[in-house]
Structure formats: structure tokens, C-alpha cells
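[1] I would like to see how this sequence folds:
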Amino acid sequence: MTLISIIIPTFNESETILQILQKVNAQNIDNIDFEIIVVDDGSKDNSIELLEANPGLYTHLLALDVNGGKGAAVISGLRKATGDYVLFQDADLEYDPKDYKKLIEPIIQLDADIVMGSRLVAAPITRVSYFWHRVGNRTITLIFNILNNTTFTDVYSCYLLYRRVLVNVDDLRTRGWEQHAEILTKSVKAGRKFYEVPINYFGRSYEEGKKIRAHHIVSVIWTMFFVRFFHS
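    Next up is the predicted model:
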């Protein structure tokens, strides 16, 4: 059996956290076990109460006293993870766990080190969203590919699945949105076999709770350069 640690950072997602956990638990894939790690990043709503009342939906619940940001929550989850692979899952409903089977297939069939879920490669369903988000995403992806000699189409998809030994959690320096770029860059530097699969995407608007903003692109691009050339 291959064990996959699914890390779910959550902050004030009481409206969706139980739904996403139910969807995760509904996935049944031959020869795959899931270790579900939920990290509550100091939520101010009733997320933690809902989670504590439903312990059957996860393997581990980590409750942080202070909101440290998504990156801090991810690091807490990574320190708890014991899986052969790590997969990130947002606590909202933008990404559908039904796509896990597609993400895991390159691991089973091709011994993949990294599998990215792409919203831009023949995705069956993709919600039309903000134009400048698409421009920013393509810019980040282009720069990443140039720096790392890769051909990814969507490097800032939430669905990053990677072999856990490729990244030492103690070496991670970032705590913000740029952490995704740090983890992916380190994974690519240490790995050999990379794949993409198409995934559905049901993006939220800002009114619906979307958190990432245009200014985050600056720290993301800087992190890609720094980790690629100056940090092992």
C-alpha cells in the first residue's frame, strides 16, 4: 500500500470544511491509503468546533493558537505527515477530490516523483474567473519553466502531489503564498519524473472568500529565483 498524506490547512472555512472532508473520505483507490491532516490556522469562526465534533473525518487535527498564514499551517502539517507522498487540499470547494484518482495514476503506473493537477490542460470543467489572475498564473508558470527547464502549464494549482522525501520540512524558509513555489522548486531539483493531469476547477470570487491577491506574485517570483540558484 502507498500512503498519501493529505494536508488541509483551514482558516475560517466553517461553511465548507466538513463538505470537503466528506469528499476526501469518499475517495477509494486500490492500493492507496490516506492520512488526512487538518490544520486549523487559528480560525475565528466555529471551524474548530465542527472539526472536533467530527473526528471520524480525519486522521490528525492540529489546532494552531495564532493565525500564522497558510505557509505556517502547511509546515505544521508536513511535520506530522508520514506518507510516501504529500498532497495539498484547500479547505474550500475550488478543487474536487474526485480528481485524486487521476493525480495518483502516474504514481502507480509510472513511479512519478511529482504530479501537478492542471486547470489548463483539457480540464472537463473550469470556472471562468479573473483575467489578470490568468495572466499572473501564466507569467509565474513561464518563469518557473525557464528557470527549471520544465514544461508545466499550471504551477500554482493547489493540487501538488510529490514524494515526501524530496523536501525536508526543516529547510523550508517561507510562510506565505510563495511557499508553494519553494516546495515545487525543491521537489523538481531533487526529483526526476514529473507529470501533469487535467483537473476540474470551481474557483471562488473575492466575494465568496478568495484570498490570494495580485501583489503576491512578487514574492512568488523572487522565491523561485532564490530557491533555484541560492538555496538547496
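
[2] What's the end-to-end length of stretch 38-57?
    End-to-end distance for stretch 38-57, by Cα to Cα, to the nearest Å: 10 Å.

[3] Quick one: residues in contact with that stretch.
    7-14, 17-18, 21-22, 24-25, 36, 58, 60-70, 72-74, 76-77, 91 (Cβ atoms under 8 Å, 6 or more residues apart in numbering). Bear in mind the C-beta positions are built from the backbone N, C-alpha and C, glycine included.

[4] out of these, which are inside strands?
    I7, I8, P9, T10, I36, H60, L61, L62, A63, L64 (DSSP state E).

[5] secondary structure class for T174?
    What DSSP: H, G, I helix; E, B strand; the rest coil gives for T174 is coil.

[6] you'd agree it is up against L184?
    No. Judged on Cβ atoms under 8 Å, T174 makes no contact with L184 at a distance of 11.7 Å.

[7] Just want to know which of the two has more residues nearby.
    L184 (26 against 22; other Cβ atoms under 10 Å).

[8] The strand or helix carrying L161 pairs with which strands?
    Per DSSP states H and E: L161 is located in strand 160-163. Strands that pair with strand 160-163, judged by DSSP bridges, come out as strand 85-88 (antiparallel), strand 114-118 (antiparallel).

[9] okay if I get those strands as JSON lines plus mean pLDDT?
    Below are those laid out as JSON lines (pLDDT from 0 to 100):
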{"stretch": "strand 85-88", "mean pLDDT": "98"}
{"stretch": "strand 114-118", "mean pLDDT": "97"}
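
[10] Tabulate the ones you listed (CSV), appending distance to N54 and mean neighbour count.
    Converted to CSV, the strands paired with strand 160-163 look like this (distance: least, Cβ to Cβ, whole Å; neighbours: other Cβ atoms under 10 Å):
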stretch, distance to N54, mean neighbour count
strand 85-88, 21, 24
strand 114-118, 26, 24
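
[11] Dump those strands into JSON lines; add distance to I104 as well.
    Below are the strands paired with strand 160-163 laid out as JSON lines (distance: least, Cβ to Cβ, whole Å):
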{"stretch": "strand 85-88", "distance to I104": "8"}
{"stretch": "strand 114-118", "distance to I104": "8"}
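
[12] Identify whichever of these lies nearest to V169.
    strand 85-88 (9.7 Å; Cβ to Cβ).

[13] for the helix or strand that that closest one is followed by, which positions count as buried?
    Later in the chain than strand 85-88, the nearest helix or strand by DSSP H and E is helix 100-110. Neighbour-count burial for helix 100-110, with 16 or more other Cβ atoms under 10 Å as criterion, is recorded at Y100, L103, I104, P106, I107.

[14] one step back: please list the residues outside the strand holding L161 that contact it.
    4, 84-88, 103-104, 107, 113-117, 180, 183-184, 187, 191.

[15] now do the same end-to-end measure for stretch 41-58.
    Per Cα to Cα, the first residue of stretch 41-58 is 16 Å away from its last.

[16] Now that stretch: buried residues?
    Residues D41, G42, S43, S47, I48, L50, L51, L57, Y58 are the ones in stretch 41-58 that count as buried (16+ other Cβ under 10 Å).

[17] same question, stretch 88-102
    Those would be F88, Q89, D90, A91, D92, L93, E94, Y95, D96, P97, D99, Y100, for stretch 88-102 by 16+ other Cβ under 10 Å.

[18] residues making contact with it?
    Counting by Cβ under 8 Å, 6+ apart, 6-11, 13, 16-17, 19-20, 23-24, 26-27, 29, 38, 74, 87, 117, 157-160, 180, 197-204, 209 sit against stretch 88-102.
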